[in-house]
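[1] Fold the following, please.
(chains A and B)
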There are 2 protein chains.
Amino acid sequence: MEETIPGFVPAQLSIASILAVYGSASALVIASIWILSSKYRYLGATDRLLMCWFAFSGLTHIILEGYFVFTPDFYKQKEICFLSEVCKEYHNGDSRYGARDPTVVIVEGITSVLAGPACLLAVYAIAKRKSYQYTLQLAVSLGQLYGDIVYFGQPILAGKEFSKGGLLYYWFYYIFMNGIWVVIPLPIVVRSWRKISQGLEAPSKKERKSKASFDRHKAA
Amino acid sequence: MEETIPGFVPAQLSIASILAVYGSASALVIASIWILSSKYRYLGATDRLLMCWFAFSGLTHIILEGYFVFTPDFYKQKEICFLSEVCKEYHNGDSRYGARDPTVVIVEGITSVLAGPACLLAVYAIAKRKSYQYTLQLAVSLGQLYGDIVYFGQPILAGKEFSKGGLLYYWFYYIFMNGIWVVIPLPIVVRSWRKISQGLEAPSKKERKSKASFDRHKAA
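    Below is the predicted model:
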């Protein structure tokens, strides 16, 4: 809880303002990518939705989580800065943030420095149908899942509760906002895995078919 | 350090015995897989070495790390059990083990339960040239790297030293024995990534070539 952290300056913006700004900025990113991706006519709805997801995810990792990682004294700031306000508010859902729990910092460090830019690269890779698009989606999503297992697992094993509790702090901030990065990456891992396997199996089948057709034509 | 953990019973086997048993068991696994893999004549030396690595790695994850995860009171055991002796001895290189640091337990949990069996599946996948062999190698190796970043990063961020120090405890147990799972997975990630990209690029080239040959034949 924030009262136990020396020098903690509580958030000054209202919860509604913080959530409204983050929510509308996210909606703007998602809508922009959805519209912009329509110019790639060969992309299906799933690919376009994945582009929206990776753009939203990557920007959250880089901006929000990156700010947390590289601003060790965010909780002492007296001036209103939107990012420190978000971190202070989020701290009500998980007091490891203000306490700068080393495990949370290292997981957030990996997420902001490695997963963040990798997410944005995935947006480009999907749009351009790069050969590494599924490998990248798989790697990023596995990393997000690993991070969430450590994030949720550590307090359970420590037998400690870091949330103020209740619908907003525990269920919305802690469970829902982190749960998103479990529920979405999981099917992406399965899909990417399948796409890679299909792609690596396909050539031999296609080659056989092409070769058979070639042989038939030759014999005729 | 073990003296600060209530009920800690120090290892009774000599360091030489512990290292000799682990070392020779590992050598036996590696030699067996190297010999057995020779019957798959289509496998190159790199594939066979990777089979040795994943067999050694998987068994270490499942047996040693699995024992640590699922035996919370290993440090209290008075009877000589080889696995608890290893954990007690390793604890000199990293006292988070005896203290059952939640971060170490969760990372070791992921490693023993998910990465361990996945390593053994990779041995089979390489031998049988399964279409998912590189995807699996990539996933496992990324997981091992993620685990090591958290494992090495947490004490740095916490500003704490958990080793007894010195050549054996700090350099051999802590740095070298964990460093193996950084130095080897890293090139495996690069190789698997390239193999997947090549495999996914290749068909279109091959198809084009095959199609061109087919068209030339048709025109002739």
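[2] only C-alpha atoms for contact and neighbour calcs from this point on.
    Noted.
[3] Grab the most central residue of chain A for me.
    Geometric centre of chain A, nearest residue: residue A:57, 3.7 Å, by Cα atoms, centre = their mean.
[4] Confirm for me that that residue is in contact with residue A:112.
    No. Contact criterion Cα atoms under 8 Å: residue A:57 and residue A:112 do not qualify, at 10.1 Å.
[5] so residue A:146 makes contact with residue B:145?
    No. Residue A:146 is beyond contact range of residue B:145, at 10.9 Å (criterion: Cα under 8 Å).
[6] What is the neighbour count of residue A:160?
    For residue A:160, the count of nearby residues is 9 (other Cα atoms under 10 Å in any protein chain shown).
[7] so how far is residue A:136 from residue A:196?
    Separation of residue A:196 from residue A:136 (Cα to Cα, to the nearest Å): 11 Å.
[8] more neighbours, the two?
    Set side by side, residue A:196 and residue A:136 show more neighbours around residue A:196, with 25 against 21, by other Cα under 10 Å.
[9] On the three-state scheme, that one is what?
    When classified by DSSP: H, G, I helix; E, B strand; the rest coil, residue A:196 comes out as helix.
[10] nearest spatial neighbour of it, skipping sequence neighbours?
    In this structure, residue A:196 finds its nearest non-sequential neighbour in residue A:134, 6.6 Å apart by Cα to Cα, 6 or more residues apart in numbering or on different chains.
[11] which secondary structure elements does the helix or strand where the one you found lies contact?
    Here residue A:134, judged by DSSP states H and E, is contained in helix A:133-158. For helix A:133-158, the elements it packs on are helix A:102-110, helix A:116-127, helix A:177-183, helix A:185-219, helix B:102-110, helix B:133-158, judged by 3 or more Cα pairs under 8 Å, 6 or more residues apart in numbering or on different chains; DSSP states H and E.
[12] would a markdown table of those helices with distance to residue B:76 and mean pLDDT be doable?
    Below are the helices and strands packed on helix A:133-158 laid out as a markdown table (distance: least, Cα to Cα, whole Å; pLDDT from 0 to 100):
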| stretch | distance to residue B:76 | mean pLDDT |
| --- | --- | --- |
| helix A:102-110 | 27 | 98 |
| helix A:116-127 | 43 | 98 |
| helix A:177-183 | 37 | 97 |
| helix A:185-219 | 39 | 76 |
| helix B:102-110 | 17 | 98 |
| helix B:133-158 | 24 | 97 |
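[13] Contacts only, for residue A:132.
    A:125, B:193, B:196-197 (Cα atoms under 8 Å, 6 or more residues apart in numbering or on different chains).
[14] Make JSON lines from those residues and add distance to residue B:168 to it.
    As requested, those are exported to JSON lines (distance: Cα to Cα, whole Å):
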{"residue": "A:125", "distance to residue B:168": "46"}
{"residue": "B:193", "distance to residue B:168": "35"}
{"residue": "B:196", "distance to residue B:168": "40"}
{"residue": "B:197", "distance to residue B:168": "42"}
